[in-house]
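*Asks:* predicted model and sequence below, questions to follow.
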Amino acid sequence: MATTTQPIWPPGTIDKQTDPSEDLLRTLVAQARPPIRALITEVDHLPAARVFAGLAIPGLVLIALGRTDLLIFAVFGSFTGMYGFAESVRQRFTHQVEAAILLVVASAGGLLFGLSRVPPLVLVCAVAAFAAVTSPITDRLGLRPEGPFFGIFAFGAIAMVAPHQRDPGLALAVCAGTAALCVLVGWIESTRRARRHGTPEVFPIRPHRTGAVSLVQAGRYTLAIALAGGVGLMLGMGHANWAMAGAAVPLAAADSRGRIKRGAHRVIGTFVGLAVTAPLLIPGWNPAVLGLIIIALLYPTELFMARHYAVAIGFFTPLIMSMTELADPSDPLIMLRERAIDTVIGVAIGIAVALAIREPASARAVASAASPCVDVHTGDMASDDDWYYCIKHGTAEQGKNCWFGDRMGPYPDKATAERALEIAKARNKAADDEDD
């Protein structure tokens, strides 16, 4: 039986089926829109811009002068701007001055040991001793970000490149000058906010840890750094400082689950960052171009540091690798391989030490009585009596139990903490109206 073909009308049209790849693309775009919209409209970009400005000004001057080898010192000085987030004018100024001293002292120590060309094992012991001394100090001062990580990183990294630095005095001056600039920028921004929104109620900054708990934490840092650096040397790694830095990362979290999670974020973020680093180092970019990339990478690093650690490390890794290459050029493939191996070694040892050396019994009793957030967050978690609002759980909670990236506050009481989102929205609207 013959079949008849139905005419197509209008001519040239046909009943098309949806391409599965197009459906997948639409789904991905739809899923990406909310976080992108939140990143643009809901995330406070000012802290990241403040840190960026602290590096951009001296960084551009160094690039213009053809001294990109000094960028590593400016970068470590600019980390001063990461401290004192969401604190009062006086508290931020005090904490940033303290952080500046920590970073400049660490850089000076790195220069001293590097220029002295001490044996690598002596350098490892020096960094471990630095961590043992500065860990209880940062606990006592209540610095945030918590712990001596940036100081440890600066000490080891600068010691590795110091033998090739022809102007050590100028290098240290760049670090100190950048740190001072960051303190000034932080003070200007915080006083500006205070004038616009009124002076906020000041709450005392309590130590992260005290007594035996602080000493145990210092012991963790010392042992983890010494072991990681020693294993790195045994394996013939030329940058054992990366293993030492990796070992320090998990220790900032408050509990075992948080330490494992933070370590995993470090490894994942580093490997993603190495994939970004490869096209920056292997082709041999012009130093000025690489210097501009380093400056640009600091902005997203700070933007995501308190929100998603792995994403932040994805930007932080090419920044660190690039500034190391400018200060001490070497084979990029060897650097990439050693960074990957050192990170895995350091994180594994850091987690192992954290799990092996437990908190004193009194500290565990306090942790067990805390809210459920303790088990699902990482960050600078130390108990106190103030009230905070947890964005993830949507509840007001007493004590710094949640990860600081999900925590708003402190507030004087539970009722005020429950109104955190309403208060923030009103302040944003007032600021927008004033700008208009």
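*Replies:* Happy to help now that I have it.
*Asks:* list phi and psi for Y389.
*Replies:* Backbone geometry at Y389, expressed as degrees, to the nearest 10, gives phi -110, psi 120.
*Asks:* could we number from 30 for the rest of this?
*Replies:* I'll keep to 30 as the first residue from here, and by that count the last item is Y418.
*Asks:* I'd say it and K443 touch.
*Replies:* No. Assessed by CB atoms under 8 Å, Y418 is found out of contact with K443, at 9.8 Å. For glycine as for every other residue, the C-beta is placed from the backbone atoms N, C-alpha and C.
*Asks:* neighbour count: the two, which is higher?
*Replies:* Neighbours of Y418 and K443, each counted by other CB atoms under 10 Å, are more numerous for Y418; the result is 25 against 13.
*Asks:* now for this structure: which helix has the highest residue count?
*Replies:* Taking DSSP state H as the criterion, the chain has its longest helix at helix 197-226.
*Asks:* packing partners for the helix or strand following it?
*Replies:* Proceeding N to C from helix 197-226, the next assigned helix or strand is helix 240-263, under DSSP states H and E. Packed against helix 240-263, as judged by 3 or more CB pairs under 8 Å, 6 or more residues apart in numbering; DSSP states H and E, are the following elements: helix 149-170, helix 269-277, helix 361-385, helix 390-397.
*Asks:* could you export the first one as PDB, CA atoms only?
*Replies:* As requested, the backbone C-alpha atoms of helix 149-170 are provided in PDB (Å, rounded to 0.1, in the frame of the first residue of the first chain):
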ATOM      1  CA  PRO A 149      67.900  22.700  54.700                       C
ATOM      2  CA  LEU A 150      67.300  20.700  57.900                       C
ATOM      3  CA  VAL A 151      68.300  23.700  60.000                       C
ATOM      4  CA  LEU A 152      65.800  25.900  58.000                       C
ATOM      5  CA  VAL A 153      63.100  23.300  58.700                       C
ATOM      6  CA  CYS A 154      63.800  23.400  62.400                       C
ATOM      7  CA  ALA A 155      63.800  27.200  62.400                       C
ATOM      8  CA  VAL A 156      60.400  27.400  60.700                       C
ATOM      9  CA  ALA A 157      59.100  24.800  63.300                       C
ATOM     10  CA  ALA A 158      60.500  26.900  66.100                       C
ATOM     11  CA  PHE A 159      58.900  30.000  64.700                       C
ATOM     12  CA  ALA A 160      55.500  28.300  64.600                       C
ATOM     13  CA  ALA A 161      56.000  27.100  68.200                       C
ATOM     14  CA  VAL A 162      56.500  30.600  69.400                       C
ATOM     15  CA  THR A 163      53.900  32.500  67.300                       C
ATOM     16  CA  SER A 164      51.100  30.000  67.600                       C
ATOM     17  CA  PRO A 165      50.300  30.800  71.300                       C
ATOM     18  CA  ILE A 166      50.900  34.500  70.500                       C
ATOM     19  CA  THR A 167      48.300  34.600  67.700                       C
ATOM     20  CA  ASP A 168      45.900  32.600  69.900                       C
ATOM     21  CA  ARG A 169      46.300  35.200  72.700                       C
ATOM     22  CA  LEU A 170      45.900  38.200  70.400                       C
END
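*Asks:* same question for the helix or strand following it, mean pLDDT?
*Replies:* The C-terminal neighbour of helix 149-170 among helices and strands, as given by DSSP H and E, is helix 178-190. Averaged over helix 178-190, pLDDT sits at 94.
*Asks:* so for Y418 and K443, which residues contact both of them?
*Replies:* Common contacts of Y418 and K443 (CB atoms under 8 Å, 6 or more residues apart in numbering): A425.
*Asks:* check contacts around the closest residue to G261 other than its chain neighbours.
*Replies:* Using CB to CB, 6 or more residues apart in numbering and skipping the chain neighbours, the partner closest in space to G261 is A269 (3.4 Å). Contacts for A269 (CB under 8 Å, 6+ apart) come out as 149, 153, 185, 257-258, 261-262, 371.
*Asks:* put together JSON lines for those residues, with distance to T251 on each row.
*Replies:* Shown next, in JSON lines, are these (distance: CB to CB, whole Å):
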{"residue": "P149", "distance to T251": "18"}
{"residue": "V153", "distance to T251": "11"}
{"residue": "G185", "distance to T251": "14"}
{"residue": "A257", "distance to T251": "11"}
{"residue": "G258", "distance to T251": "11"}
{"residue": "G261", "distance to T251": "16"}
{"residue": "L262", "distance to T251": "17"}
{"residue": "D371", "distance to T251": "19"}
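*Asks:* let me know the closest of these to G423.
*Replies:* A257 (38.6 Å; CB to CB).
*Asks:* distance check, the closest one against L309.
*Replies:* 26 Å (CB to CB, to the nearest Å).
*Asks:* any residues touching stretch 187-198, and which ones?
*Replies:* 98-99, 101-102, 105, 135-136, 138-140, 142-144, 146, 152, 155-156, 200, 268, 270, 353, 356-357.
*Asks:* ditto for stretch 288-306
*Replies:* Residues contacting stretch 288-306 (CB under 8 Å, 6+ apart): 275, 278-282, 337-347, 350-351, 365, 368-369, 372-373, 376-377, 379-380, 383-384, 407.
*Asks:* report the distance from it to the chain centre.
*Replies:* 12 Å (CA atoms, centre = their mean, to the nearest Å).
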